[in-house]
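Engineer: Provide a 3D model corresponding to the input given below.
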Amino acid sequence: MKAADLIMHLKKKANPKNVEGMKKFGVNVEGALGIPIPHLRKLARNIGPHHDMAGDLWRSKIHEARILAAYIEDPKRVTERQMEEWVSDFDSWDLCDQVCGNLFDRTEFAHKKAMEWTSRKEEYVKRAGFVLMAVMAVHDKHAKREMFMNFFPVMIRECQDDRNYVKKAINWALRQIGKRSLTLNKEAIVVCNQMLKIDSPSAQWIAKNAKWELEGEAVQKKLTA
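Structural biologist: This next block holds a predicted model:
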């Protein structure tokens, strides 16, 4: 099967009602067809890793084709240049999260890009940096504690960014890292307390929300088990 065949298939599966539903969740539906994620995952399983096809799908600019591209791309063949090209195309929070959580976090450049992108001004690029931190905390079972400790100063530095998709990503990363181990939980709570001293609505929201979960009975019980 070629990329053109896949794109034709996706267009036949287009569902305008689903597109309207996507709008309600804040998804940028420009170029969207309204195809559910489970269908895209099923397609990806049938295709398997395919670097060239992934590139063709991404260049189509179709929302679901780009998500599918992330599913079938081989992380070992992804270059820094490709990551920069793709992240510059991010135009919606869901595309950002799908690509970071299903591809970018499995590349050898994940940590480097997390640090770099959180310094960028573009909303979805900066979000991508923090999403990488969050998903690596979940997926990378062998990562050392020091790597995640290095992320905390970055969160404090950027916590006054009041853009919705940035502050939510910082909060996500802080919570996921704080749930990784008892030591990181204690350090994440320290970070929350530092943010609470900052006179910023964004910093206050990030910290209060994260602290509530990290100090909660469910998380504490799991970490001390």
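Engineer: N28 and A14: what is the separation?
Structural biologist: 16 Å (Cβ to Cβ, to the nearest Å). Bear in mind the C-beta positions are built from the backbone N, C-alpha and C, glycine included.
Engineer: just G129 next, same as before
Structural biologist: 32 Å.
Engineer: The two: which is more packed in?
Structural biologist: The neighbour comparison of G129 against A14 (other Cβ atoms under 10 Å) goes to G129, with 25 against 14.
Engineer: Please look at that one and H111 and confirm they touch.
Structural biologist: No: counting by Cβ atoms under 8 Å, no contact exists between G129 and H111, whose distance comes to 10.5 Å.
Engineer: remind me, longest helix of this protein?
Structural biologist: Counting by DSSP state H, the longest helix found in the chain is helix 123-139.
Engineer: Just the CA atoms of that helix, as CSV, please.
Structural biologist: Written as CSV, here are the backbone C-alpha positions of helix 123-139 (Å, rounded to 0.1, in the frame of the first residue of the first chain):
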residue,chain,number,x,y,z
GLU,A,123,3.0,27.8,21.9
TYR,A,124,2.8,24.3,20.5
VAL,A,125,6.6,24.0,20.3
LYS,A,126,6.9,25.0,23.9
ARG,A,127,4.1,22.6,24.8
ALA,A,128,5.9,19.8,22.9
GLY,A,129,8.9,20.2,25.2
PHE,A,130,6.8,19.8,28.4
VAL,A,131,4.7,17.0,26.9
LEU,A,132,8.0,15.1,26.2
MET,A,133,8.9,15.5,29.9
ALA,A,134,5.5,14.1,30.9
VAL,A,135,5.5,11.1,28.5
MET,A,136,9.1,10.2,29.2
ALA,A,137,8.2,10.0,32.9
VAL,A,138,5.7,7.4,32.0
HIS,A,139,7.3,5.5,29.2
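Engineer: contacting residues for M136?
Structural biologist: M136 is in contact with 105, 110-111, 114, 143, 147, counting by Cβ atoms under 8 Å, 6 or more residues apart in numbering.
Engineer: so C96 touches F90, yeah?
Structural biologist: Yes: under the criterion of Cβ under 8 Å, C96 makes contact with F90 at 4.7 Å.
Engineer: Name the residues contacting each of the two.
Structural biologist: 124, 127-128.
Engineer: quick one: which of those residues is nearest W205?
Structural biologist: W205 lies nearest to R127 out of the shared contacts of C96 and F90, by Cβ to Cβ, at 15.7 Å.
Engineer: Show me what counts as buried in stretch 27-37.
Structural biologist: Under the neighbour-count criterion of 16 or more other Cβ atoms under 10 Å, stretch 27-37 has 27-29, 32-35 buried.
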